[in-house]
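Peer 1: Here is the input, now give the coordinates:
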Amino acid sequence: MGSSSSPNIQHFPAPPIAGKTRPSPRSVESELQSIFTADNTAITEVAKWIEENNTLIRTNPIRRDRLAQRIRIRLDRVRKLYLAFIEKYPNHARARAAHGSFLTHLDDQQGALRELKASAKLAPFNAAVQNNIATHLGTIALESGRHARVGELLDAYQKAIRLAPRTPLYRHNYAIALSLFQKQAASHLESSPREVTEEALKQITEALRLDQNNFEIAADLAETHHHFKPLPREQTLAAWKHAATLATTDDQRGWAELQMAIVNIETNHFEEAKRHLEKVNVEIYAKLKQRLLGAIEQTPNQKPAKP
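Peer 2: This next block holds a predicted model:
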């Protein structure tokens, strides 16, 4: 994430340092931008190192440990830049938020949350900060399996939406959180699981209205239908068909066709499922395609269900 996650966070000028001339806002901004550049450069380099050594780090523990040490050293240089800046300007909300995002790359989840919350106190009406806090809490919940703070993350997403109702990202993220933590959301919102799914569908539908050509939002909207029981076949297929029209890559088109095949398999429309699978010619989905075809062949009485 690095600094790229905080372009909309409000900037609060730092207080003057006793006994020293207060730096101009331009010089402070220039210093922060240089840290952002160092942040992005380091993250890009680390991603490249991991990609170049992807096979070795899975099979060679020594190489994996050496690479991990190299990454820590590289990222620590950027961490020190953030710490030096924040020591001088502790009330700089944008820097605190960017530092919090950066700390996730060091697996310092608590440190990241501390910085994001510090930023929220300095910029209480900034939607981007609330979104980042919620997203970070969601990551912690998924990685730890502990869901005690799901209510807190839902509240943060709701606040982000209230502050910036026309930003599709926040509605999209909130909808995904409702689906991921449906049980906890139902308890926190005092709703039924179905009502939670209906709210998720409402939010992501609005997100797509605000960003009409976004394949990821359209695909997640279609995926939201899968949380209804029984599965609403026609609505789900229509949503995936619409997502397919927004696809810009073969991978995206292949994924939409696979999902339409799955919907038809789950609703016993096997011949239609096969027709969708015939359109999937992307190598990364080859194994999944074969598994689905195998599942169809092993299903007795494969007569198409009546519409």
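Peer 1: how near is residue 183 to residue 193?
Peer 2: 7 Å (CB to CB, to the nearest Å). (Each C-beta comes from the backbone N, C-alpha and C, glycine too.)
Peer 1: Against which helices or strands is the helix or strand hosting residue 286 packed?
Peer 2: Assigned by DSSP states H and E, residue 286 belongs to helix 286-297. Counting contacts by 3 or more CB pairs under 8 Å, 6 or more residues apart in numbering; DSSP states H and E, helix 286-297 is packed against helix 250-266, helix 270-278.
Peer 1: Export the ones you listed as JSON lines, with columns for distance to residue 165, mean pLDDT and mean neighbour count.
Peer 2: As requested, the helices and strands packed on helix 286-297 are exported to JSON lines (distance: least, CB to CB, whole Å; pLDDT from 0 to 100; neighbours: other CB atoms under 10 Å):
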{"stretch": "helix 250-266", "distance to residue 165": "28", "mean pLDDT": "97", "mean neighbour count": "21"}
{"stretch": "helix 270-278", "distance to residue 165": "36", "mean pLDDT": "97", "mean neighbour count": "18"}
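Peer 1: so residue 152 touches residue 137, yeah?
Peer 2: Yes - shown here, residue 152 and residue 137 form a contact pair, counting by CB atoms under 8 Å, at 6.0 Å.
Peer 1: Quick check: phi and psi at residue 192.
Peer 2: phi -80, psi 160 (degrees, to the nearest 10).
Peer 1: same thing with residue 279?
Peer 2: phi -90, psi -10.
Peer 1: Who's the closest spatial neighbour of it, skipping the chain neighbours?
Peer 2: Counting by CB to CB, 6 or more residues apart in numbering, residue 257 is the residue found nearest to residue 279 once chain neighbours are left out, at 4.7 Å.
Peer 1: just to revisit the earlier point, now the helix holding residue 286: buried residues?
Peer 2: 288-289, 292-293, 296 (16 or more other CB atoms under 10 Å).
Peer 1: What are the contacting residues of it?
Peer 2: The set of residues external to helix 286-297 that reach it, using CB atoms under 8 Å, 6 or more residues apart in numbering, is 258, 261-262, 265, 270, 273-274, 277, 280, 302.
Peer 1: and the angle from it to helix 270-278?
Peer 2: Counting by axes from the mean of the first three to the mean of the last three CA atoms, to 10 degrees, helix 286-297 points 170 degrees away from the direction of helix 270-278.
Peer 1: I'd like the mean pLDDT over helix 286-297, please.
Peer 2: Mean pLDDT, computed over helix 286-297, is 95.
Peer 1: Averaged pLDDT, whichever strand or helix holds residue 151. What do you get?
Peer 2: Per DSSP H and E: residue 151 is located in helix 150-163. Mean pLDDT, helix 150-163: 97.
Peer 1: Counting by contacts, list what that helix packs against.
Peer 2: Counting contacts by 3+ CB pairs under 8 Å, 6+ apart, helix 150-163 packs against helix 127-144, helix 168-180, helix 182-189.
Peer 1: Can you give me the buried ones in the longest one?
Peer 2: So the one you mean is helix 127-144. For helix 127-144, the neighbour count (16+ other CB under 10 Å) marks 127-138, 140-141 as buried.
Peer 1: Tabulate those (JSON lines), appending distance to residue 215 and pLDDT.
Peer 2: Formatted as JSON lines, the buried residues of helix 127-144 follow (distance: CB to CB, whole Å; pLDDT from 0 to 100):
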{"residue": "127", "distance to residue 215": "24", "pLDDT": "95"}
{"residue": "128", "distance to residue 215": "23", "pLDDT": "92"}
{"residue": "129", "distance to residue 215": "27", "pLDDT": "92"}
{"residue": "130", "distance to residue 215": "26", "pLDDT": "95"}
{"residue": "131", "distance to residue 215": "21", "pLDDT": "94"}
{"residue": "132", "distance to residue 215": "24", "pLDDT": "91"}
{"residue": "133", "distance to residue 215": "27", "pLDDT": "93"}
{"residue": "134", "distance to residue 215": "23", "pLDDT": "94"}
{"residue": "135", "distance to residue 215": "20", "pLDDT": "92"}
{"residue": "136", "distance to residue 215": "25", "pLDDT": "91"}
{"residue": "137", "distance to residue 215": "27", "pLDDT": "93"}
{"residue": "138", "distance to residue 215": "22", "pLDDT": "93"}
{"residue": "140", "distance to residue 215": "28", "pLDDT": "90"}
{"residue": "141", "distance to residue 215": "26", "pLDDT": "92"}
